[in-house]
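sequence and predicted structure below; questions after.
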Amino acid sequence: SEVISIGPGETSVTRTVDIIDDDRYDSAAQEQFTIAIVEASENGRIMTGPLTVTIVDNDAEPEISIEAATEVRASTDTTVDGALAITRTGATERDIQITYQTYPQQSSPAYDGQHYDVTSSIPLVLPANTSATEFTFRVRRVAQSDNTTRYFQVKLTDAVNATIGADTGNVTICKRNGSC
């Protein structure tokens with residue numbers, strides 16, 4: 001609080017309130033605070049109510065990107081887990097939700113439910129206090145007769161509270177013998 005004096009013959013006084021800019025996408029598009037005159041001296045009276053000051057967030061939404069590529073060595077004996085990193089650039093106070101789609105690639109396609117199983121939830125959630133998460137999947141056991149390198153893509157299709165930078169990650173499921 002501050003005491004403000006208006007001298008004899010004066011009709012107004014000006015005060016400056018410094019607003020401190022931060023570098024993060026805030027939890028609300030606007031933040032507000034109120035300035036009010038709460039008491040007048042014996043010779044004065046309060047003519048207006050409180051003043052609401054609105055601060056508009058001027059920081060850009062953070063950007064998310066998915067790792068460009070990963071290789072997974074399949075096996076006839078066990079399942080193999082794989083992941084593509086999803087990273088955030090830019091500070092935020094908001095959780096980010098990410099939706100994605102998987103697509104078999106044209107040459108030697110890998111199919112969800114046949115060659116791999118997605119283990120990530122939809123939507124993926126990147127909490128505000130973290131800078132990375134993963135799209136995860138599990139490669140199924142490879143049939144003895146299948147000695148083909150297979151491919152699929154993961155495409156980030158929508159984001160809430162962020163923009164999408166690099167949107168496509170490529171996954172290579174290497175041959176049963178481990179070569180790609």
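Structure's in. What do you need?

for this structure, what helix or strand is lowest in average pLDDT?
Ranked by mean pLDDT, DSSP states H and E, the weakest helix or strand in the chain is strand 24-25, scoring a mean of 82.

direction included, what does that strand pair against?
strand 91-92 (parallel) (DSSP bridges).

avg pLDDT for the partner strand?
The average pLDDT for strand 91-92 rounds to 88.

show residues contacting it.
With contacts defined as CB atoms under 8 Å, 6 or more residues apart in numbering, strand 91-92 is touched by 22-25, 59, 61-62, 128, 161-162. (Each C-beta comes from the backbone N, C-alpha and C, glycine too.)

try it again at 7 Å.
23-25, 62, 128, 161 (CB atoms under 7 Å, 6 or more residues apart in numbering).

remind me which residues of this structure are low pLDDT?
27-29, 75-77, 141-144, 178 (pLDDT under 70).

burial count for Gln30?
Counted with other CB atoms under 10 Å, the neighbours of Gln30 add up to 9.

residue contacts, it?
54-57.

so Ile37 touches Ile46, yeah?
Yes: assessed by CB atoms under 7 Å, Ile37 is found in contact with Ile46 at 5.1 Å.

so between these two, which is more surrounded?
Ile37 (14 against 11).

what residues are up against the more buried one?
Here Ile37 is in contact with Ile46 (CB under 7 Å, 6+ apart).

list the contacts for Arg150?
108-110, 115, 173.

report the buried members of those residues.
110, 115, 173 (16 or more other CB atoms under 10 Å).

from the residues you listed, which ones fall inside helices?
Among the buried ones among the contacts of Arg150, no residue falls in helices (DSSP state H).

in a markdown table: those, plus distance to Ala83.
What follows is the buried ones among the contacts of Arg150, written out as a markdown table (distance: CB to CB, whole Å):
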| residue | distance to Ala83 |
| --- | --- |
| Ala110 | 15 |
| His115 | 16 |
| Ile173 | 13 |
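
thank you, goodbye.
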